[in-house]
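> Whatever this is, show me its structure:
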Amino acid sequence: MSTAVNHEPETPGSGATNDTLVSVEGIKVHFPIKRGVILDRTVGHVYAVDGVDLAVRRGETYGLVGESGCGKSTLGRAVLRLSEPTAGRVVFDGTDLSSLKGEGLRRMRRRMQMVFQDPMSSLDPRQSVESILVEGLRAHDLDKGREETGKRLRSLLSAVGLPNTSLRKYPHEFSGGQRQRIGIARALAVEPDLIIADEPVSALDVSVQAQVVNLLEDLQEEFGLTYLVIAHDLAVVRHISDRVGVMYLGGLVEEATSDDLYAEPLHPYTKALLSAIPVPDPLVEDRRERILLTGDLPSPANPPKGCRFHTRCPWKQETRCDTERPEMREVLPGHKVACHWAEDIRANRIQPHAVEAVLVEEDGISPDVPLVGPASVTEAMNP
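Next up is the predicted model:
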C-alpha cells in the first residue's frame, strides 16, 4: 500500500515549512453555555481550547498529554474540523483548512483520519467488518471493484494482525484489542498521511496496550504515517512519541522531545505529572519526592486569570502569576515552556511551598475557606 496521492497544492504564505505537515496557529474552541426555556440565551462559554500553537512534522509522532478536561481531545477534533474552531486556523500540508468547505474539505479528510478512544462505540454494531472498511473506500472513490477491493481489505487486515475470516464478523464478536485493530484498519483504508489517535489504548488491558502501541509503530514505519497521539498515560506517550506537548486547561504549557521532557521537566504542572509515574525500583520509589496538587482542575467555563495553573502551583509567586498569562517560549534548545519563572525554578532560586486552595461555590469563588495542601508526600506524612 502506498501513501496518499493527489495532494493539495501548497498555499503561498501559509507559514508552513517543508517538513511540517500540520500547523496549528492560535486555535480556540469555545462552546456556548445557554439558558432559557423558550428563548435560549448565551450566558457564558466553555473555553475548551483557548489559544494553542503547535506543529507536527512529517513522519513523527507528536504526543499530547494532560489530565481529563484539559481540552486535548477537543483539540484533536478541531484539527480535523469535527469540532469547528472559534478562532485560529489549522494548516495541513500548506492548505488552510478553514478555507475549505463541502467537497474540498471531504477530499482533504481522506488524508486525515482518526482512531477513537472506545473501539466499540466507534464501530457500527449493525455492519460487518467488511462493510465498515468498504464504506470509507466508497466515500473517497477508492472502491475499484469486488476483486481488487477484496484483495485490499485482506491486505489491511493482515497489516493490523487480523485473519481474513474477520471480514464476515461483526464488532461484538471481537475483543477490545481486536476492535481497536479494526478501527486502525478503517483509518488506514483511505491511505492517510496523518492519523490522530485519541486515547487509542486507554480502554484496553495492559498486555493488549503494548500490542496496539507496537502495531502503531510498525504501521508508521511501513506506510510513512504521521501521528498525533492524545493520551493521559505518560508511559505510553514516552514509548511512542518523538515530541510531547503538555496541555492544561485549554492551553499548551510545555513542549519538548520525549527524552528531554522526561529527563528535565521545566513547567510545575509537568513536574507534578511525572512525579506521579511509579518507578519499578522500590528503593528509588520510596525515596523520591512526589508533588501533590491541591484542589481540582478549575472549570474551563471560568478559568483563572493570569497563569491558569497558579491556583494549584507550589512555585506560585506574588507577582505576574495571577495577572499575566505566560506565553510559550524556548528556555532550552527545542524545549518550550509557558512559565514566568521557569529559569528560576530550574536553578532552584525558587522553592516549592504549600498551596492555599479555595472551595468553589456555584456562583463563584469563596475566599473564606482556605485549604492548605502539602507540596510533597514527605510533608503529608510528616506534618
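
> per-residue confidence at residue 380?
Per-residue confidence (pLDDT) for residue 380: 35.

> for residue 314, same thing?
So residue 314 comes in at 90 (pLDDT).

> roughly how far apart are it and residue 32?
According to C-beta to C-beta, to the nearest Å, residue 314 and residue 32 sit 35 Å apart. Backbone N, C-alpha and C define where each C-beta goes, glycine included.

> go on, residue 294?
For residue 294, the distance to residue 32 (C-beta to C-beta) stands at 31 Å.

> picking that back up, and residue 314 and residue 32? Which one has more around it.
For residue 314 against residue 32, the residue with the higher neighbour count under other C-beta atoms under 10 Å is residue 314, and the figures read 22 against 12.

> Please enumerate the helices of this structure.
For the chain, helices defined by DSSP state H occupy the ranges 72-79, 102-109, 129-139, 146-159, 176-188, 206-223, 234-240, 258-263, 268-275, 282-287, 342-346, 377-381.

> weakest of those helices in terms of mean pLDDT?
Averaging pLDDT over each of the helices of the chain puts helix 377-381 lowest, since it has a mean of 34.

> circling back to that earlier point, just so I know, which of the helices of the chain lies nearest residue 170?
helix 129-139 (7.4 Å; C-beta to C-beta).

> in that closest one, what counts as buried?
Neighbour-count burial for helix 129-139 flags 129, 130, 132, 133, 134, 136, 137 (criterion: 16 or more other C-beta atoms under 10 Å).

> Kindly reformat the helices of the chain as JSON lines containing distance to residue 249.
Shown next, in JSON lines, are the helices of the chain (distance: least, C-beta to C-beta, whole Å):
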{"stretch": "helix 72-79", "distance to residue 249": "11"}
{"stretch": "helix 102-109", "distance to residue 249": "29"}
{"stretch": "helix 129-139", "distance to residue 249": "35"}
{"stretch": "helix 146-159", "distance to residue 249": "38"}
{"stretch": "helix 176-188", "distance to residue 249": "29"}
{"stretch": "helix 206-223", "distance to residue 249": "27"}
{"stretch": "helix 234-240", "distance to residue 249": "18"}
{"stretch": "helix 258-263", "distance to residue 249": "19"}
{"stretch": "helix 268-275", "distance to residue 249": "9"}
{"stretch": "helix 282-287", "distance to residue 249": "29"}
{"stretch": "helix 342-346", "distance to residue 249": "18"}
{"stretch": "helix 377-381", "distance to residue 249": "24"}
